[in-house]
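**Q** show me how the following folds:
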Amino acid sequence: MTRAIDNIVPDLEGNLQRDFNNLIRAVLVDLSQENPSPVDTGFFASSWTASTQRPRPDQPREDHAPWSNIKPNRKGGKAVGSTIQPRFINELSYSFKPFSKVFIGNRSQYAARALASRNSHIPRYVQSELASVIKNIFTNKPKLGVATFGGGVNLNQKYVTKNTKNYSGGIGLFGKDGNTFVDYTNLWL
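**A** Numbering: from 1, shown residues only. The predicted structure is shown next:
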């Protein structure tokens, strides 16, 4: 059973909200990797979160196991026993509304130093790789099919665009003689 055209706005809004929240989750997962985040103990890479309020860098590594037991290397490499265990990714509800401000930030107390580290590739991620993440998540362009009884749209009409396909004879319910199905795809190219 197909849904009525009256549901198109809520459906599109639901799809947009789903994709927006998928984007937030994907960015958090990416930032929680050894690259782009610098890793010494792994606490910084494990402390990414998202909120409608700016996340505060208020959590010291020493207060959170297993990182409290890892001696930092502080020489640009990974410390012995370093571990990345994202702390917030699975705790978020991912019910952010499209067009609302969502802040992605790090809760580790030393976040500013880690971001400025020469081992940090976060600026490169934001400036170049993030665009492809957005493009991959928001690739679903709406497709609209219009079925008519009778003549429909003929290919020789002046308003038919290169994205319009005419199937004479129709399909499915519209497969009876004299019916036409017109498929409009990629209208927002």
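**Q** any idea how far Pro10 is from the most centrally placed residue in the chain?
**A** By CA atoms, centre = their mean, the mean C-alpha position of the chain lies nearest to Leu23, the distance being 1.5 Å. Here Leu23 is placed at a distance of 20 Å from Pro10 (CB to CB, to the nearest Å). C-beta: built from backbone N, CA, C; applies to glycine.
**Q** mind listing what the closest residue to the residue nearest to the centre of the chain other than its chain neighbours touches?
**A** Distances taken as CB to CB, 6 or more residues apart in numbering put Ile137 closest to Leu23, at 4.8 Å, once the chain neighbours are dropped. By CB atoms under 8 Å, 6 or more residues apart in numbering, the contact set of Ile137 is 19, 22-23, 26.
**Q** of those residues, keep whichever come out buried.
**A** Using 16 or more other CB atoms under 10 Å as the burial test, the contacts of Ile137 include 19, 23 as buried.
**Q** narrow the contacts of Ile137 to those in helices?
**A** 19, 22-23, 26 (DSSP state H).
**Q** where's Leu16 relative to Ile5, distance?
**A** Taken as CB to CB, the span from Leu16 to Ile5 is 18 Å.
**Q** point out where this protein drops to low pLDDT.
**A** 1-4, 140-189 (pLDDT under 70).
**Q** all helices of it, in order?
**A** 8-31, 111-116, 122-124, 130-137.
**Q** can you list the domains in this protein?
**A** 5-137, 144-184 (automatic domain parsing).
**Q** in stretch 116-130, what counts as buried?
**A** Using 16+ other CB under 10 Å as the test for burial, stretch 116-130 gives 117, 120-122, 125, 130.
**Q** count the residues that sit near Gln53.
**A** 9 (other CB atoms under 10 Å).
**Q** tell me the phi and psi of it?
**A** Backbone torsions of Gln53, given as degrees, to the nearest 10, read phi -110, psi 150.
**Q** who's the closest spatial neighbour of it, skipping the chain neighbours?
**A** Gln53 sits nearest to Phe103 (CB to CB, 6+ apart), 6.8 Å away.
**Q** how about Gly76?
**A** Asn119 (5.8 Å).
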